[in-house]
Each structure stands twice: as C-alpha cells, then as structure tokens.
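A.B. asks: give me coordinates for this.
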Amino acid sequence: MQIVKQVIDAVAHVARTEIMPRFMAVGSCRKDDGTLFTEADLACQAVLTETLPAIAPYPVLGEEMPREAQDALWKANQDGLWVVDPIDGTTNFINGLPHFAVSVALMRHGRSELGVIHNPVSGETFYAARGQGAFMNGQPLPLKRRCNPMRDAIAGVEVKYLRSGKLAARLHGLAPCGSQRSMGSSTLDWCYLAAGRYDLYLHGGQRLWDYAAGSVILEEAGGRLATLNTDDYWSDTLWKRSAIAALDPELFEQWHRWVRANQ
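C.D. replies: Model (predicted):
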C-alpha cells in the first residue's frame, strides 16, 4: 500500500499548511450553483493538483474546477483519474465547526480503487485500497464490530437532497431506526459508517467527489451500498448519485427494503 501512504502524507501536509492556518480566519464566496468555497479550498486543490500526479501519473479532477473541465477530464481519463474534494464540509469550516475533511480518490473505469479521507481537526485519516481492507490511522475498520439492532441504529441521513417528499416525511416520523444524524460532511459520513459509528446511511444525491473516496472505504470495511434507483451502486448517475448503505448485511437488507418501500 505504498501509494496509499504517499497520498496520506500528501493530504496531511496540505491540511497542515493550507487548510488549518485558515480555519476560522477566511472569508467565503458562492459558486454559480450556490455552494460555498474559500481561499483554503482553492489553495488545497492547487497543491494536490501538483502533488498527486507525481504519486501516480493521472490528472486531477477537483470540486472547484469548472463543470466543463470536470466533464472533459472524466471522459478522457477512464484509465486513471484522481478525484479531489479539497474541503468537504466548507460551511462547517467557515463557521468554526470542527467537522470537515480533505478527500482524495483514485478512480479507474468508473470505480474507485483507492480512497483517503483526512479530518485535520481530529487527526483521523480513513483509507482503503480495493482488495486490501480499510483502516483508520492503522486500525482495521470497522472499529466497532457489533452493529446496533435496527430499533437502536444510528443513521446518517441528509434529508435536504431527497427528491421524494414522501420519503423525507416518513423519515421524520416513521423511520425504523433509533436516531438520525446530519453533520455536514458527506465524506466523513461514509467514514463513520465504515468505522461503525453509524449503522445506516441515506443520501439523496452526492457529487462525484462526495462519494468517490468514502464508497470504497465502506466497501473495504465490509459494508454494502445501493442507490435509490438501482442495486448496482457504480452504474448510477455520475454527478448526482444517491446512497442507501449499511455496514452490517442484515441491517442493509432491512434498511434498503424500508427506504425503497417508502419512496
């Protein structure tokens, strides 16, 4: 896993030099789609765009690039492409909430082969390479081996992006799980699920950089995933992909069945 170690070092370095010195000390702007970005996002992405191709010779697709450039990079580089979210949880970062992460994935032929997600506040780095397991700071994932039963299960749920008003409404009053969390960082949601901190996950539509690293970390931790549209997670819409996921296979079947029935 030498390449993974190199990515971990690169991500930790950029977080230390470009992100944390700007934490609670930087202004923000809005992109055309309404999402926020900061000088720290741009600086982090610029450094990783230079650093990652030296680790493996593939171009970098970053969240802060124009959509036309992202499309072109994706279409032209199916044999290998780095996908970067320089700061996932920018709203948290801007407002001083210590829950955000740097995310890097290496994708080939539409699937993630490597993922590294680093929370610079907690110092936790989650990572995986396909076929080699998933880890957090050297500890195999999941950290928590026994999942809660459905009645006590903790679900990471982002209601904002659910297209079905019916499903969103039923999550509030009729969800079969014990409780729900929405903490503002999709990449860390995937990691918390892989670690066993969450039992279940539901998101109505993530961008490529939101799921590229976290999905392979979950798979390598033994979790299962699908979307609201298909059981083949990797075949669904590229730029806005929903997620139904769980760490435990039995919980996944129960959760998957309930979500699909209530769409």
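
A.B. asks: need the pLDDT of Trp190.
C.D. replies: At Trp190, the model reports a pLDDT of 98.

A.B. asks: measure the closest residue to Cys191 other than its chain neighbours to Leu143 for me?
C.D. replies: Nearest-residue entry for Cys191: Phe126, 4.1 Å, with adjacent residues in sequence omitted and distances by C-beta to C-beta, 6 or more residues apart in numbering. Any C-beta I mention is one placed from the backbone N, CA and C, and that applies to glycine too. Noted for Phe126: a distance of 10 Å to Leu143, by C-beta to C-beta, to the nearest Å.

A.B. asks: contacts only, for the residue nearest the centre of the chain.
C.D. replies: Centroid check for the chain by C-alpha atoms, centre = their mean gives Thr187 as the closest residue, at 2.5 Å. Thr187 makes contacts with Asp85, Asp88, Gly89, Ala101, Ser103, Ile117, Asp210, Ala213, Gly214, as judged by C-beta atoms under 8 Å, 6 or more residues apart in numbering.

A.B. asks: secondary structure class for it?
C.D. replies: Assigned by DSSP: H, G, I helix; E, B strand; the rest coil, the conformation of Thr187 is helix.

A.B. asks: and the residue nearest to Cys191, which of the three is it?
C.D. replies: strand.

A.B. asks: I'd guessed it sits against Leu193; true?
C.D. replies: No: the criterion here is C-beta atoms under 8 Å, and Phe126 misses it with Leu193 at 10.4 Å.

A.B. asks: worst-scoring helix or strand of this protein, pLDDT-wise?
C.D. replies: strand 28-30 (a mean of 60; mean pLDDT, DSSP states H and E).

A.B. asks: which residue ranges form the strands in this structure?
C.D. replies: 28-30, 36-38, 60-62, 81-88, 101-108, 111-119, 124-129, 134-136, 139-140, 154-158, 179-181, 200-206, 224-226, 241-246 (DSSP state E).

A.B. asks: all helices for this structure, in order.
C.D. replies: Counting by DSSP state H, the segments of the chain that form helices are 2-14, 39-55, 67-76, 90-95, 165-173, 186-195, 208-220, 249-261.

A.B. asks: nearest to Val26, of these?
C.D. replies: Distance to Val26, taken as C-beta to C-beta, is lowest for helix 39-55 among the helices of the chain, at 5.3 Å.

A.B. asks: and that closest one, what's its mean pLDDT?
C.D. replies: For helix 39-55, the mean per-residue pLDDT is 96.

A.B. asks: any idea how far Leu228 lies from Ala76?
C.D. replies: For Leu228, the distance to Ala76 - C-beta to C-beta - is 29 Å.

A.B. asks: surely Leu251 touches Gly196?
C.D. replies: No: applying C-beta under 8 Å, one finds Leu251 not in contact with Gly196, separated by 11.2 Å.

A.B. asks: what touches both of those two?
C.D. replies: Residues touching both Leu251 and Gly196 (C-beta under 8 Å, 6+ apart) are Cys147.

A.B. asks: quick one, domains of the protein?
C.D. replies: Segmentation of the chain into domains, based on automatic domain parsing, reads 2-140, 150-261.

A.B. asks: right, so those domains: which one is the most enclosed?
C.D. replies: Compared across these, domain 150-261 shows the largest average neighbour count, a mean of 20 (mean count of other C-beta atoms under 10 Å).

A.B. asks: run through the stretch 151-263 of the chain and note the low-pLDDT ranges.
C.D. replies: Low-confidence regions of the stretch 151-263 of the chain, defined here as pLDDT under 70, cover residues 163-164.

A.B. asks: if we go to 80?
C.D. replies: By pLDDT under 80, the weakly predicted segments of the stretch 151-263 of the chain are 160, 163-165.

A.B. asks: report the beta-bridge partners for the residue lying closest to Ser215 once chain neighbours are set aside.
C.D. replies: Nearest residue to Ser215 in three dimensions, chain neighbours excluded: Ser112, at 5.8 Å (C-beta to C-beta, 6+ apart). Beta-bridge partners recorded for Ser112 (DSSP bridges): Met107.

A.B. asks: touching, Ser112 and Val216? I think so.
C.D. replies: Yes: using C-beta under 8 Å as the test, Ser112 is close enough to Val216 to be in contact (3.9 Å).
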